[in-house]
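*Asks:* I would like the atomic coordinates for the input below:
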Amino acid sequence: MKKILWGLLLNILMVCSVSAQQIRIEGKVQDENQEELPGVSVLIEGTKVGTVTDLNGNYSLAVPDHYVNLVFSFIGMKKSVESVEGRTKVDVTLYSDAQQLEEVMVVAYGTSSKEAFTGAAEVVDNTIIENRPVSSFEKALQGTTPGLMVSSSSGQPGANAAIRIRGIGSLSATSAPLYVLDGVPLAGGISDINPNDIESITVLKDASASSLYGSRAANGVILINTKQGKKGTTRISFSTQFGAANRVSDGYPLMNSSQIYEHSWMGLYNQAILDGKSKAESQDFAHDNVEGIVGFNPFAVDSPLDDNGKVIPGTVVNTNTDWRDEIYKTGLIQNHNLSVSGGNDKTTVFLSLGYFNDTGTVLSSNFTRYTNKINVTHKINDFLTAGVKTHISFSETNAPPNGSAGSNPVRSAEVINAASPVYDGDGNFNWENNAVFDYNPVGLSVLDEYRYKTKRSLVNAYLEAAISPSFKFRTTGSIDHSNDEGLNHFNPEHGDGAGVNGRSSSSQANNMSWNISNILTYSKSNNLSYFEVLAGQEAIGEDYSVLSAEVTDFSVPGYSDLVWGAKPESPGSYTSSWRMLSFLGQAKYEYDNRYYFSGSLRNDGSSRFGKENKYGLFYSLGASWRISQEQWMSASTWVSDLKLRASYGTSGNNSIGNYASLGLYGSGANYGGNPGITPVQLANPSLSWEKISSLNVGVEALLFDKLNVTVEYYDRKSDDLLFSQPLSAGMGLSSILTNLGSMVNTGWEGALSYQIVNNSNFSSSVGFNVSTNQNEILKMTTESIVTGTKLIEVGASVYQFYMREWAGVNPDNGMPMWYVNAESDDVEGSDSPASAFMDPLGTGREVTSDYADAERLRLGNALPKVFGGVNYSINYKGLDLSFYFYYSLGGKVYNVDYTYNMHDGTAPGTNLAQEAIHAWSPNNRYTDVPRYVINNTDQGNEMSSRFLEDASYVRLKNITLAYNLPQAWLGRMGLQGVRAYVSGENLWTLSKFKGFDPEGALNGTTNNNIPGVKVVTVGLKVDL
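*Replies:* From the prediction side, this is the model:
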């Protein structure tokens, strides 16, 4: 009995001893934004003993003593190890792991882990996009992703950039990618989307990634995923940003009033000499006519020039207008955003309000946008979940005309000479100048109007049913409705409206697009494998209508509405619709985290194509092998991950007119005074999709747990290209749209990122990406087509330049020269023309000063040979510094704008670039600027390689310095986060290009557009 008692007592003492050694630890786990993290795993290091955090991020765990370590881990977060060391409360902040976050990516009709994905896709998160001073998010993507070419040809606020994924895929249809917002393809533009609402963007580049979108995915897909509510404490965020914008560069210098006056005098003098006048007669002729050519005498005396055409020293200059300074201004940018996010186990909500305003850098140019987004997800019961995602926006744009019109303020600022004043002697606008008579860009900015408004609403609702652990069904319905209104008013007194006593034109366009999809997914997994099958149906429709009207003859100036015009002009209206019905399927198989396979099919039936080809079948196959998971790779400790993947598939391009396959008649014909119709388009019942077949091979590697490397090769062939086939005159119509061309894009892409340092107080990383693209036409209906500056032919790029080759200036007479190139295939035969002579500059080649006798040559390509980006970031405690560069090398640009300012006298009175001062003269024989003669007929400014420039450039795309307030300070203020920053956009550019901006239109020609802008902003973001 004593033994039993002593044993019981010993056991009690041992239990008490153990109980006394155990300690209960409590705490809270948050992310770097101080948002509670539910479901975080908390383990005692070296054991399987642990717990998870609750909905509010709290945990409680009994540990054996004070000297254990706790391991905190959560998907998408960096693991944290905390030593207890006598504490009973251990709060932890987990930080995002960019590498882990990329492992889960949004793809077509679902998500995928990065390891299991067999296609080519890149994810861009919101840290790159939000709080950038850009009106449209795609401009922030430049240089972030290999294979993604982003080009902004205009600095007009609200204008979209052109995006191309892996080259140019079409000759006549669009080569732009398909944009998908929260799973629904967009019908309208993308500038209505607030970049601060975006959570991430996925760029789908190959057929395996995008073929599930079938006939619309020929040029790649960009998936836009907006922010969602999260369970936990409601979070309120407010960000505000102010900035100043100016044109990206000063461009080439223009002549001042003294220079244009002197140069015009010399042009008159040269003209008189060529007409056989004596030197004295020529001087008198120039003195008598120079004011008439320039338009104004900018000096304080009537005879300001000596007999050599130079300003007499001491002469006072009264007028020296810098027209660039008059029309360009400092633009002011405001960007304010308020968001609320939160929820519980059943319902999550994200709400945002946004305001963006850019006053523009040119008179009459500005953009304002208001946005509202509400995303709600509600769990109805254990197997039903419903959600709705809405986007509402309203934008107002003022956009002056572009191109070569006199009403384009950008062009007017370049061609009106500095001797022409902005105001006359009475303080009124001066409308007289010899470049664009009756056009004063400053005056037109007051009297003319160019107003555009867009109202847009997108609603996307879905219902998802978890039928069983293996089956899931999701039905989605969406509507994208936009209303566009425009009013252009040209005043009755000057400019475009003067001839008709004023003109106003108004238009209203409505676009309603709808989408219904039903997706059933089956998945099954075990210890070694995972299998998933997706089957779905989708229906799409779009209805578009336009109503327009115009009036002239305004009785009261200053009123632009149509009611004030006395003469109605021909009104117009039309409607257009199209429909598509699709069936799709996809299968995925994974084995042992080593082998991954995928395949997809989609059948599209579209109303846009001929009755013989209504349906098109598109498919893809993909496979990948995680080599690093093989047992024989375990000894390679420096290889953390290694993956080889390949894919092949097809997709299509349906971006043509809604009735392109039908025979069409047009109204408005007049038959002996009777109204009638006339044929305008021949029917083609065989018209079908452009078909893209894409091969992709890629290698991904993580080395030393720090260096991520990706290398890819792609071959993207376009067949059945839509092309206007020429017809004989006897057919009555000049061409018919048909599928007869083919093209291929091939290239290499590479990307690497390196985590230099990464600890709790200091981190630093660097990244680099590079892309190449070779575009080649394989088949055409005709041997070749010359269009403007380009030659479209088999074996060449669609943007191949084709023009006469500039040979310089004849030092003996100052006339322009072009190489004869008699051996080229421009015309039949290879005999040298009678005007040919050996180049006096010693090249050993034949030249001519007769423009018509020079034959064209193939002179390069507008597309860059290499492009990409470089980024670097460094973080020390709460201080962040990041910047990235974009580079584009090897492309060419034909500088149409520059030709206007190097006209050699063909447009007397029009301003000149200062480089024109170096024009040939008997005392300046060796120059590259031809002689300047008033009313010149030498044709030196005609299209030739004289104005073909290297478009290569390197640009500091963005630099940001930010400071995040310490957690200790935030706790005292009751805040979750405060971030203050200063940011610069496009601050520095290295380029030989003579114009404002080497980043222009993809086809490589300038068009007097508003130059790109550089912006400096300051911002503040507060999280409550």
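*Asks:* Find the residue closest to the residue nearest to the spatial centre of the chain in space, skipping its chain neighbours.
*Replies:* Geometric centre of the chain, nearest residue: Ala161, 3.4 Å, by C-alpha atoms, centre = their mean. Using C-beta to C-beta, 6 or more residues apart in numbering and skipping residues adjacent in sequence, the residue nearest Ala161 is Ser152, 4.3 Å away. All C-beta spots, glycine's among them, are computed from the backbone N, C-alpha and C.
*Asks:* For Ser395, list the residues it contacts.
*Replies:* Neighbouring residues of Ser395 by C-beta atoms under 8 Å, 6 or more residues apart in numbering: Gly158, Ser191, Asp192, Phe367, Thr368, Arg369, Tyr370, Lys453, Thr454.
*Asks:* err, Thr234, not the other one
*Replies:* Val340, Ser341, Gly342.
*Asks:* Surely it is in a strand?
*Replies:* Yes - looking at Thr234 with DSSP: H, G, I helix; E, B strand; the rest coil, it is inside a strand.
*Asks:* For it, report the pLDDT, please.
*Replies:* Thr234 carries a pLDDT value of 88.
*Asks:* For Asn344, see how far away it is.
*Replies:* 10 Å (C-beta to C-beta, to the nearest Å).
*Asks:* do Tyr671 as well
*Replies:* For Tyr671 relative to Asn344 (C-beta to C-beta), the value is 73 Å.
*Asks:* Tell me which of these two has more neighbours.
*Replies:* Comparing Tyr671 with Asn344 by other C-beta atoms under 10 Å, the one with more neighbours is Asn344, at 13 against 9.
*Asks:* Check whether Tyr59 really touches Gly27, as I assumed.
*Replies:* Yes - here Tyr59 reaches Gly27: they are 6.1 Å apart, a contact under C-beta atoms under 8 Å.
*Asks:* so the residue nearest to Ala161 sits right up against Gly1012, yeah?
*Replies:* Yes - the criterion here is C-beta under 8 Å, and Ser152 meets it with Gly1012 at 5.8 Å.
*Asks:* Which neighbours do these two have in common?
*Replies:* What both Ser152 and Gly1012 touch, as defined by C-beta under 8 Å, 6+ apart, is the set Glu999.
*Asks:* in the stretch 201-350 of the chain, which spans are strands?
*Replies:* 221-226, 232-247, 331-343, 347-358 (DSSP state E, counting those that start in this stretch).
*Asks:* now Glu805, nearest residue through space, not along the chain?
*Replies:* Tyr819 (4.4 Å).
*Asks:* And for the one you found, the neighbour number?
*Replies:* 23.
*Asks:* cool, and Gly668?
*Replies:* 9.
*Asks:* thought His39 was touching Phe74?
*Replies:* One correction, residue 39 is Gly, not His. Yes - shown here, Gly39 and Phe74 form a contact pair, counting by C-beta under 8 Å, at 7.0 Å.
*Asks:* hmm, back to that, ranking the strands of the stretch 201-350 of the chain by burial, who's on top?
*Replies:* Greatest average neighbour count among these goes to strand 221-226 (a mean of 24), per mean count of other C-beta atoms under 10 Å.
*Asks:* looking just at contacts, which helices and strands does it meet?
*Replies:* Applying 3 or more C-beta pairs under 8 Å, 6 or more residues apart in numbering; DSSP states H and E, we find strand 221-226 packed against strand 104-107, strand 178-181, strand 198-204.
*Asks:* so what's Glu690 bridging to?
*Replies:* Asn653 (DSSP bridges).
*Asks:* Quick check: it vs Lys205, distance?
*Replies:* 18 Å.
*Asks:* cool, and Val1013?
*Replies:* 29 Å.
*Asks:* And for Leu584?
*Replies:* 19 Å.
*Asks:* Which of the two has more residues huddled nearby?
*Replies:* With other C-beta under 10 Å as the criterion, Leu584 and Lys205 differ in neighbour count, and Lys205 comes out ahead with 28 against 23.
*Asks:* Can you name the residues that contact that one?
*Replies:* Taking C-beta under 8 Å, 6+ apart as the test, what Lys205 contacts is Gly119, Ala120, Ala121, Glu122, Gly147, Leu148, Ile165, Arg166, Gly220, Asn696, Tyr714.
*Asks:* could you dump those residues to a markdown table with neighbour count?
*Replies:* Rendered in a markdown table, the data for the contacts of Lys205 read as follows (neighbours: other C-beta atoms under 10 Å):
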| residue | neighbour count |
| --- | --- |
| Gly119 | 27 |
| Ala120 | 29 |
| Ala121 | 23 |
| Glu122 | 22 |
| Gly147 | 26 |
| Leu148 | 27 |
| Ile165 | 26 |
| Arg166 | 29 |
| Gly220 | 31 |
| Asn696 | 26 |
| Tyr714 | 24 |
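*Asks:* Kindly present these as a markdown table, with separate columns for distance to Val770 and pLDDT.
*Replies:* Formatted as a markdown table, the contacts of Lys205 follow (distance: C-beta to C-beta, whole Å; pLDDT from 0 to 100):
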| residue | distance to Val770 | pLDDT |
| --- | --- | --- |
| Gly119 | 20 | 85 |
| Ala120 | 15 | 88 |
| Ala121 | 18 | 88 |
| Glu122 | 14 | 89 |
| Gly147 | 10 | 92 |
| Leu148 | 12 | 92 |
| Ile165 | 16 | 92 |
| Arg166 | 14 | 92 |
| Gly220 | 18 | 90 |
| Asn696 | 17 | 95 |
| Tyr714 | 14 | 96 |
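*Asks:* between the residues you listed, which is nearest Ile293?
*Replies:* Leu148 (49.8 Å; C-beta to C-beta).
*Asks:* Just list whatever residues bridge to the closest one.
*Replies:* According to DSSP bridges, beta-bridge pairing links Leu148 with Ile165.
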